[in-house]
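**Student:** Based on what follows, work out the 3D shape:
(one chain, ligands or ions: 2)
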Amino acid sequence: RTQPLVLGIESSCDETGVGVVRGTTLLANTVSSSMDEHVRFGGVIPEIASRAHLDAFVPTLEQALAEAGATLDDVDAIAVTSGPGLAGALMVGVCAAKALAVATGKPLYAINHLVAHVGVGLLDDRATGQQQALPENLGALLVSGGHTEILRINSITSDVELLGSTIDDAAGEAYDKVARILGLAYPGGPAIDRVARTGNPKAIRFPRGLSQPKYMGTAEEPGKHRYDWSFSGLKTAVARCVEQFEARGEEIPVADIAAAFQEAVVDVISSKAVLACREHGIKDVLLGGGVAANSRLRELTGQRCASAGIRLHVPPLDLCTDNGAMVAALGAQLVMAGTEPSGIGFAPDSSMP
Ligand code: KG4
Ligand code: ZN
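**Tutor:** Ligands and ions are numbered 1, 2, ... in the order given. Below you'll find the predicted structure:
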């Protein structure tokens, strides 16, 4: 039996993505980003992102279909991110997907963006063409500008459990805010990652949020925030630190502050993720989201997972950041599991859990 050809549409933030998969094989992944238009504002402007999706959607769709060597007629199902994300941005992708579904009569699947970040890990290895089995007891560590979460995947199509998450800023958001404080370019993640390499991470010690015993508790009696993160206090600590150098009329040691900030973020993300995995019997963990590009996060999480006997899976970077292939990949899993399509009555949900 041939595997389903699925079209995936992503528009939750600044990337317009259309991907095409056949079962677990990636055929096309076209992404158009409006990031250039947001740079001068130092953050994604929702109205601009929505308009950019509208402009980019049809060309992105056409390019993806051409790359896949397919037409809309060949497609067996359409999948679209319905949340979480920016409401207006989601609306464009969802309306486009509904229009395609109505015009072609193809089944439509509403997709949770976060679960799709995990679904991408099911695609065949691009180098070897090998099909990748989804390990039992899989965990997922998702770290981006919009999310910082550790999940347990009981079933990718029906049962995903949130073990912990940030209670305020996402890690990428903290990178972006701290970069602004340090006078570095937006988006701040890559900029901090770069200058941190020349700094001393031990020069300053920044706080590790929610790591005190009252939040952590014990394995037997977990505290309320044992597996959660908080990055807003860290951002404030960096701002105070910069102010102190300014007040003393001293030059701001940007590289040291960047390195120390990065160490605080990466330390607390990797330690809590490994703790959550250990205490939930998770043996494999998938890393996803834009911050997965961070060299120090990969290094420290890799080391700590290895010591705990946990395998860390890092998909290729273009599949870690927002894209349509991940939506198509999860859509194909739903089709293959015999899941009922969503119909066209659903609304985008910007705060989808
Ligand atoms: O997944 P993504 O492309 O979009 C969403 O936020 O959903 O992630 C973008 C975020 C930005 O906050 C950016 O600063 C951060 O990922 N980022 C990084 C690095 N590259 C991108 N953060 C730390 N180190 C990096 N190398
Ligand atoms: Zn994302």
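
**Student:** send the alpha carbons of the helix or strand bottoming out on mean pLDDT in the chain over as CSV?
**Tutor:** Taking all helices and strands of the chain together, the one with the lowest average confidence (mean pLDDT, DSSP states H and E) is helix 317-320, at a mean of 90. In CSV, the C-alpha atoms belonging to helix 317-320 read as follows (Å, rounded to 0.1, in the frame of the first residue of the first chain):
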residue,chain,number,x,y,z
LEU,A,317,18.8,22.4,11.9
ASP,A,318,16.5,23.4,9.1
LEU,A,319,14.0,21.0,10.5
CYS,A,320,14.4,22.2,14.1
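
**Student:** start at 54 instead
**Tutor:** Yes, from this point I'll number from 54; that puts the last item at helix 370-373.

**Student:** which other residues reach that helix?
**Tutor:** With C-beta atoms under 8 Å, 6 or more residues apart in numbering as the test, helix 370-373 has contacts from 82, 84, 170, 173, 176, 340-343, 345-346, 367, 378-379. C-beta coordinates here come from the backbone N, C-alpha and C atoms, glycine included.

**Student:** Buried ones in the next helix or strand after it, by neighbour count?
**Tutor:** Sequence-wise, the next helix or strand beyond helix 370-373 is helix 377-389, with elements assigned using DSSP states H and E. Residues of helix 377-389 classed as buried: 377-388 (neighbour count, 16 or more other C-beta atoms under 10 Å).

**Student:** For helix 377-389, give the mean pLDDT please.
**Tutor:** The average of the pLDDT scores along helix 377-389 is 97.

**Student:** I'd like to know if that helix reaches ligand 1 anywhere along the stretch.
**Tutor:** No: under the criterion of C-beta under 6 Å from any ligand atom, helix 377-389 makes no contact with ligand 1; the nearest approach is 10.4 Å.

**Student:** still on that earlier bit, could you pull out the buried residues of the least confident helix or strand of the chain?
**Tutor:** Using 16+ other C-beta under 10 Å, the residues of helix 370-373 that count as buried are 372-373.

**Student:** repeat for stretch 342-350
**Tutor:** In stretch 342-350, residues buried by neighbour count (16+ other C-beta under 10 Å) are 342-347, 349-350.

**Student:** could you dump those to a markdown table with distance to residue 197 and secondary structure?
**Tutor:** What follows is those, written out as a markdown table (distance: C-beta to C-beta, whole Å; DSSP: H, G, I helix; E, B strand; the rest coil):
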| residue | distance to residue 197 | secondary structure |
| --- | --- | --- |
| 342 | 3 | coil |
| 343 | 4 | helix |
| 344 | 6 | helix |
| 345 | 8 | helix |
| 346 | 10 | helix |
| 347 | 11 | coil |
| 349 | 16 | helix |
| 350 | 12 | helix |
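
**Student:** now those in a markdown table, with distance to ligand 2?
**Tutor:** Supplementary listing: these in a markdown table, determined by distance: C-beta to the ion, whole Å:
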| residue | distance to ligand 2 |
| --- | --- |
| 342 | 6 |
| 343 | 7 |
| 344 | 10 |
| 345 | 10 |
| 346 | 12 |
| 347 | 15 |
| 349 | 20 |
| 350 | 15 |
